[in-house]
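# sharing a model that was predicted from the sequence below.
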Amino acid sequence: MAPPTRFGLPLNPRRPPRALVLRDLSPEEASAAIDWSGWYLPDDAERHGKAERSGIVRLLLSVVAQLARERGWVDWYAGADHAFAWVRSEPLVRVLPDLYVLDHRPLPPLPRQWQTWLPGHRPPRFALEIVAGDWRRVYEDAPAKYWQLGCPELLLFDPEAAAARAPLAEERVPLQLYRRDPDGTYLRVHAGADPLWIEALDAHLVVLKDGPHPTLRVARTSRAMDLVPAEEEALRAEGEARAQEQRARAAEQRARVAAEARVRELEARVRDLESRVTRR
């Protein structure tokens, strides 16, 4: 029996589970040791676009902190520039997300790097990689690495593609979101410039191009109209609101004093008129 459809599309689309299975390898390939060296990330590895990346991350960390403040989140953590390693025998096989979110707040002090084979060291709930330098390698390698790490959500942000100041390769896009399915498959669920919903934040991320470089902001809705302010912006707005309230109270007090003075003046004039009438 064919599944029910609407407008020619399945009402509840389904797919079979998938897994990485290798068949028909040669004896040499089947017995070969895994060469992890291509995924090594040494401590002195060069990171391209450091200044631009730090600006994007600093702003986004502040915005995410404000989002947590608004929602009353306590047991969570957002960090940056901490490596995650997941192969115990190969500690240099690791990723260095520009920003990451953990489900639970870790006890201080933070480790030099997260090692998922250790107690209390878990993969990030969400990770952000800002594309710089060899974009093809980032596009190709990052999803595979974060899939192995066990990260449920990976966002690749390509500022050059977002800026679109010059013709770029067709496959370059501002945002790519990978999400881990229950069968372990890493699906690219978004590729483009539109706002996208992040499960770990229960909010949308949007690309803004107001300044010299594109940035990422958090929006409460998919229309990207209701942006979450950075902590500094929120504090400034709260200060301005308090100042406005104080000015309004002061103006109200001045008006009350003036009104009371006017009443006293009118009462005095009435008494004066009454006394004149009495003397007549």
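Structure's in. What do you need? Residues are numbered from 1 along each chain as shown.
# the domain parsing of this protein - what is it?
Domain segmentation of the chain under automatic domain parsing yields 46-229, 231-280.
# including mean neighbour count and mean pLDDT, could the ones you listed go into JSON lines?
C-beta coordinates here come from the backbone N, C-alpha and C atoms, glycine included. Formatted as JSON lines, the domains of the chain follow (neighbours: other CB atoms under 10 Å; pLDDT from 0 to 100):
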{"stretch": "domain 46-229", "mean neighbour count": "16", "mean pLDDT": "94"}
{"stretch": "domain 231-280", "mean neighbour count": "10", "mean pLDDT": "69"}
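# compare these and give me the one nearest residue 29.
domain 46-229 (18.4 Å; CB to CB).
# re earlier: can you add distance to residue 27 and give the domains of the chain back as a markdown table?
Below are the domains of the chain laid out as a markdown table (distance: least, CB to CB, whole Å):
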| stretch | distance to residue 27 |
| --- | --- |
| domain 46-229 | 24 |
| domain 231-280 | 59 |
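# determine which of those domains approaches residue 14 most closely.
Set against residue 14 and scored by CB to CB, the domains of the chain come closest in domain 46-229, at 12.0 Å.
# for residue 60, see how far away residue 158 is.
Computed as CB to CB, to the nearest Å, the residue 158 to residue 60 distance reads 15 Å.
# the strands in this structure, which residues?
Remark: strands assigned in the chain by DSSP state E are 5-6, 9-10, 77-79, 83-85, 94-95, 99-102, 113-115, 126-130, 153-157, 175-180, 186-192, 196-198, 203-208, 215-219.
# packing partners for the fourth one?
With contacts defined as 3 or more CB pairs under 8 Å, 6 or more residues apart in numbering; DSSP states H and E, the packing partners of strand 83-85 are strand 94-95, strand 113-115.
# now do the first one: which elements does it pack against?
So that's strand 94-95. On a contact count with 3+ CB pairs under 8 Å, 6+ apart, strand 94-95 meets strand 83-85, helix 135-149.
# any idea which of those gets closest to residue 114?
For residue 114, the closest of the helices and strands packed on strand 94-95 is strand 83-85, at 4.6 Å, according to CB to CB.
# tabulate the helices and strands packed on strand 83-85 (a markdown table), appending distance to residue 42.
Converted to a markdown table, these look like this (distance: least, CB to CB, whole Å):
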| stretch | distance to residue 42 |
| --- | --- |
| strand 94-95 | 10 |
| strand 113-115 | 12 |
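# what's the closest of those to residue 209?
Closest to residue 209 of those is strand 94-95 (CB to CB; 27.4 Å).
# and that closest one, how far out from the chain's middle?
20 Å (CA atoms, centre = their mean, to the nearest Å).
# one more: stretch 215-235?
10 Å.
# that older thread, could I get the strands of the chain as CSV with distance to residue 258?
Converted to CSV, the strands of the chain look like this (distance: least, CB to CB, whole Å):
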stretch, distance to residue 258
strand 5-6, 69
strand 9-10, 70
strand 77-79, 52
strand 83-85, 66
strand 94-95, 67
strand 99-102, 55
strand 113-115, 65
strand 126-130, 57
strand 153-157, 57
strand 175-180, 58
strand 186-192, 60
strand 196-198, 54
strand 203-208, 47
strand 215-219, 46
